[in-house]
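Trainee: what's the 3D shape of this:
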Amino acid sequence: MKTAGGRASVGRQQRHRLPPGVLTVAASTYTVRIDAMVGPRSKTNGIGIETTVEASLAPAGVRVTCATSPPASRRGVWPAWARAPLGAPALRRVLLLSGWALLAWGAVGCHDDHAPVPGAPSGTALASSASGPTAAAGAASRAQRPPIQVVAVAALRGDQPLYLDGLGTVTAYNTSTVRTRVDGPLTRIAFREGQIVHVGDLLAVVDKRTFAAQLAQAKAQLVKDQAALASARADLAHFEAAREALPAQQIEHGHAAVDEAEATIGVDRAQVTSLGLTLGFCDIRSPIDGVIGLRLVDVGNIVHAADSTGIAVVTQVQPIAVVFTLPQGQLPQVQAAHLAGPVAADIYDRNLERKIASGRLMAIDNQIDTSTGTARFKAEVENRDRALFPNQFVNVRLLVSTAHDVVLVPTAAIQPSPGGKLVYVVGADRAVKAVPVEVGAAEHDRTIITKGVAPGDLVVTSGVDKLEQGTRVVVSTRLAGKSSTGQGP
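Mentor: This next block holds a predicted model:
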């Protein structure tokens with residue numbers, strides 16, 4: 001008897017060495033249940049994993065080849081029912097040892113080469129195969145399963161726009177806080193909150209009476225000084241007529257009086273102009289075109305030119321600006337696109353679901369924020385429908401380039417795998433095949449495939465969680481808004 005490598009106990013004292021080799025059994029058909037200790041050595045009691053197997057031994061010999069032998073130091077431990085006295089029949093020993101060998105063969109990866117051992121008794125060879133062709137069995141099992149309903153889309157060849165996404169804030173193109181330039185009580189509010197205003201529209205009025213009186217006084221002083229000038233000029237004319245009879249000093253004083261009166265007239269005129277402006281400042285007007293916000297001061301309050309809050313705020317929203325940031329690593333792409341021509345900027349809501357407006361890149365900031373590692377950009381939007389409001393949070397998609405003539409598949413078709421990315425491609429026999437792919441840039445619901453898929457291949461987009469290699473499917477294809485269903489034979 002030749003046995004697989006190892007050591008087994010067939011009695012209380014007798015132990016047999018099981019050298020690597022083959023086990024040949026010649027006996028009638030028996031069914032033997034054994035308990036054997038196999039596997040790694042335990043740290044506590046030296047016993048490994050306990051396994052129970054069934055083994056049928058045919059009358060003929062069987063050749064069992066072991067790929068791996070148990071360690072030489074392994075001591076087999078047998079239960080009490082398997083221990084036999086030294087005088088037990090040899091047949092029982094053979095059965096016990098053959099059962100142990102079959103167990104080791106199943107545990108360490110043995111296989112049956114179906115070849116009778118030379119010199120074994122004649123008879124029919126035992127076909128001993130523990131695992132069988134698992135691949136063939138799996139394929140047969142999949143073939144018997146009902147097809148799985150999936151949705152598949154054909155890969156296309158086309159152009160893919162490449163966007164850079166950034167988070168931004170809508171900023172008014174111009175913002176002006178309306179303030180008074182004179183002090184006094186506010187007597188009138190001439191605007192409706194939220195109204196569209198234009199340059200020069202009347203917004204509020206400050207009490208004018210004090211400034212009107214001051215203007216009238218300045219005008220009266222001007223008239224008085226004009227009369228004094230006329231008198232000085234008349235005196236100078238008399239002095240010139242009597243030049244021969246008058247001293248030269250008197251004539252010079254006449255000229256000086258005329259000059260002084262003229263200068264006084266100039267001061268008076270300036271004063272009248274200044275007070276006229278001050279009186280005009282009592283009417284507070286819009287400095288820009290835009291939308292006026294809620295009023296900050298009510299009628300009856302005394303306003304001052306030094307007030308910081310002002311009366312209201314006017315914001316220019318047509319056009320409007322959007323300030324957004326992008327990582328500094330994307331700055332070269334934006335610069336190259338900006339130098340090549342106008343760069344389109346699409347404005348989306350904060351959830352990146354609804355497109356609000358479109359504009360163009362207007363400016364790139366001259367420095368990078370060291371605290372965030374981002375650069376700031378400004379886009380200009382016409383905002384004709386006033387869909388954008390100052391300080392609104394938005395997402396900006398900047399079109400920097402377009403990839404031409406590339407293979408495109410739905411992003412939902414791309415699945416992660418230990419080796420990278422893969423897609424399930426439906427074959428002509430309606431069986432899916434897991435195909436590794438290399439992906440490029442993704443744009444919303446479409447992704448560029450650089451390797452692995454050809455145009456026209458049907459890739460599964462829905463139902464992939466139930467698929468494996470070779471699974472048969474019922475395909476629902478969706479092309480150009482239409483749907484059709486096909487089933488494999």
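Trainee: which residues sit against stretch 187-197?
Mentor: Stretch 187-197 is contacted from outside by 201-207, 286, 289-295, 298-299, 312, 314, using CB atoms under 8 Å, 6 or more residues apart in numbering. For glycine as for every other residue, the C-beta is placed from the backbone atoms N, C-alpha and C.
Trainee: which among those residues end up buried?
Mentor: 201, 203-207, 286, 289-293, 295, 312, 314 (16 or more other CB atoms under 10 Å).
Trainee: which strands and helices sit next to the helix or strand hosting V322?
Mentor: Element membership for V322, per DSSP states H and E: strand 312-327. On a contact count with 3 or more CB pairs under 8 Å, 6 or more residues apart in numbering; DSSP states H and E, strand 312-327 meets strand 156-178, strand 290-292, strand 355-369, strand 374-381, strand 393-410.
Trainee: could you give the angle of it to strand 355-369?
Mentor: Between strand 312-327 and strand 355-369, the angle comes out at 70 degrees (axes from the mean of the first three to the mean of the last three CA atoms, to 10 degrees).
Trainee: the helix or strand just after strand 312-327 - what's its average pLDDT?
Mentor: The helix or strand immediately downstream of strand 312-327 is helix 331-340, counting by DSSP H and E. For helix 331-340, mean pLDDT rounds to 92.
Trainee: can I get helix 331-340 in CSV, CA atoms only?
Mentor: Extracted in CSV, the C-alpha atoms of helix 331-340 (Å, rounded to 0.1, in the frame of the first residue of the first chain):
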residue,chain,number,x,y,z
LEU,A,331,-5.5,78.4,-15.0
PRO,A,332,-3.4,77.5,-18.1
GLN,A,333,-6.4,76.0,-19.8
VAL,A,334,-8.5,79.1,-19.2
GLN,A,335,-5.7,81.5,-20.3
ALA,A,336,-5.2,79.6,-23.5
ALA,A,337,-8.9,79.6,-24.3
HIS,A,338,-9.2,83.3,-23.4
LEU,A,339,-6.4,84.3,-25.6
ALA,A,340,-7.9,82.2,-28.5
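Trainee: give me the residues contacting the helix or strand just after that helix.
Mentor: Sequence order places strand 344-348 as the next helix or strand after helix 331-340, per DSSP H and E. Outside strand 344-348, the residues that touch it by CB under 8 Å, 6+ apart are 163, 168, 322, 354-361, 379, 381, 388, 394-399.
Trainee: and if you look at stretch 203-215?
Mentor: Residues outside stretch 203-215 that contact it (CB under 8 Å, 6+ apart) are 178, 180, 182-191, 197, 272, 275-276, 278-279, 281-286, 292, 303, 311-312.
Trainee: show only the entries of those found in helices.
Mentor: 272, 275-276, 278-279, 281 (DSSP state H).
Trainee: ok, those residues vs V425, which is closest?
Mentor: F281 (77.1 Å; CB to CB).
Trainee: residues in contact with A434?
Mentor: With the criterion set at CB under 8 Å, 6+ apart, A434 makes contact with 417, 422-424, 467-469.
Trainee: what's the answer for T450, then?
Mentor: T450 makes contact with 406-407, 438-440, according to CB under 8 Å, 6+ apart.
Trainee: now, of the residues you listed, which are buried?
Mentor: Neighbour-count burial (16+ other CB under 10 Å) applied to these gives 406-407, 439-440.
Trainee: can you map out the strands along the stretch 101-250 of the chain?
Mentor: Using DSSP state E, counting those that start in this stretch, the strands of the stretch 101-250 of the chain run over 111-112, 148-154, 156-178, 184-189, 196-197, 202-206.
Trainee: neighbours of A152, how many?
Mentor: Close neighbours of A152, defined as other CB atoms under 10 Å, add up to 24.
Trainee: correct me if wrong: it contacts V460.
Mentor: Yes - counting by CB atoms under 8 Å, V460 is a contact partner of A152 at 5.0 Å.
Trainee: overlap of the contact sets of those two?
Mentor: Common contacts of A152 and V460 (CB under 8 Å, 6+ apart): 426, 473.
Trainee: so what's H198 closest to, chain neighbours aside?
Mentor: Leaving aside its chain neighbours, H198 sits nearest to D289 (5.0 Å; criterion: CB to CB, 6 or more residues apart in numbering).
Trainee: and the pLDDT at the one you found?
Mentor: The score at D289 is 94. That number is its pLDDT.
Trainee: what sits against it?
Mentor: Counting by CB under 8 Å, 6+ apart, the residues that D289 touches are 197-199, 316, 318.
Trainee: can you list these in CSV and add distance to P147?
Mentor: Shown next, in CSV, are the contacts of D289 (distance: CB to CB, whole Å):
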residue, distance to P147
V197, 68
H198, 69
V199, 72
Q316, 62
Q318, 58
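Trainee: show me where pLDDT drops low in this structure?
Mentor: Confidence mapping of the chain against pLDDT under 70 gives the ranges 1-144, 477-489.
Trainee: domain-wise, how is it divided?
Mentor: With domains defined by automatic domain parsing, the chain comprises 6-132, 148-155+414-487, 185-303, 312-403.
Trainee: leaving out the residues flanking it, which one is nearest to P161?
Mentor: Using CB to CB, 6+ apart, the nearest residue to P161 is T402, at 5.0 Å.
Trainee: no wait, G419
Mentor: Leaving out its chain neighbours, the residue that sits closest to G419 by CB to CB, 6+ apart is P436, at 6.3 Å.
Trainee: which strands border whatever helix or strand the one you found lives in, and is each parallel or antiparallel?
Mentor: Using DSSP H and E, P436 sits in strand 432-443. When sheet partners are counted by DSSP bridges, strand 432-443 sits next to strand 420-426 (antiparallel), strand 446-451 (antiparallel).
Trainee: of all those, which one is nearest V343?
Mentor: Closest approach to V343 among these is made by strand 446-451 (20.9 Å; CB to CB).
Trainee: show me which positions of that closest one end up buried.
Mentor: So, applying 16+ other CB under 10 Å, buried residues of strand 446-451: 446-449.
Trainee: repeat for stretch 276-285
Mentor: Neighbour counts using 16+ other CB under 10 Å place 276, 278-279, 281-282, 284-285 of stretch 276-285 among the buried residues.
Trainee: which residues are in contact with that stretch?
Mentor: Residues from elsewhere that reach stretch 276-285, judged by CB under 8 Å, 6+ apart: 178, 180-182, 184, 199-208, 211-212, 214-215, 311.
Trainee: please name the bridge partners of G168.
Mentor: F324, V394.
Trainee: what helix or strand is R269 on?
Mentor: If you go by DSSP H and E, R269 is part of helix 248-281.
Trainee: just want the angle from that helix to strand 184-189.
Mentor: Put simply, helix 248-281 runs at 50 degrees to strand 184-189, going by the same axes, to 10 degrees.
Trainee: P418 - how many residues pack around it?
Mentor: 5.
Trainee: quick one: neighbours of the closest residue to R157 other than its chain neighbours, just the number.
Mentor: Excluding the flanking residues, the one nearest R157 by CB to CB, 6+ apart is P455, at 4.3 Å. When counting by other CB under 10 Å, one arrives at 14 neighbours for P455.
Trainee: pretty sure P455 is touching D405, no?
Mentor: No - using CB under 8 Å, P455 is not in contact with D405; the gap is 10.2 Å.
Trainee: between those two, what contacts are shared?
Mentor: Joint contacts of P455 and D405 (CB under 8 Å, 6+ apart) are R157.
Trainee: report the contact partners of P287.
Mentor: 176, 178, 199, 314.
Trainee: let's see it at 7 Å
Mentor: Shown in contact with P287 (CB atoms under 7 Å, 6 or more residues apart in numbering): 176, 199.
Trainee: now swap in V322 and tell me
Mentor: V322 is in contact with 168, 170-171, 347, 359, 379, 381, 394, 396, counting by CB under 7 Å, 6+ apart.
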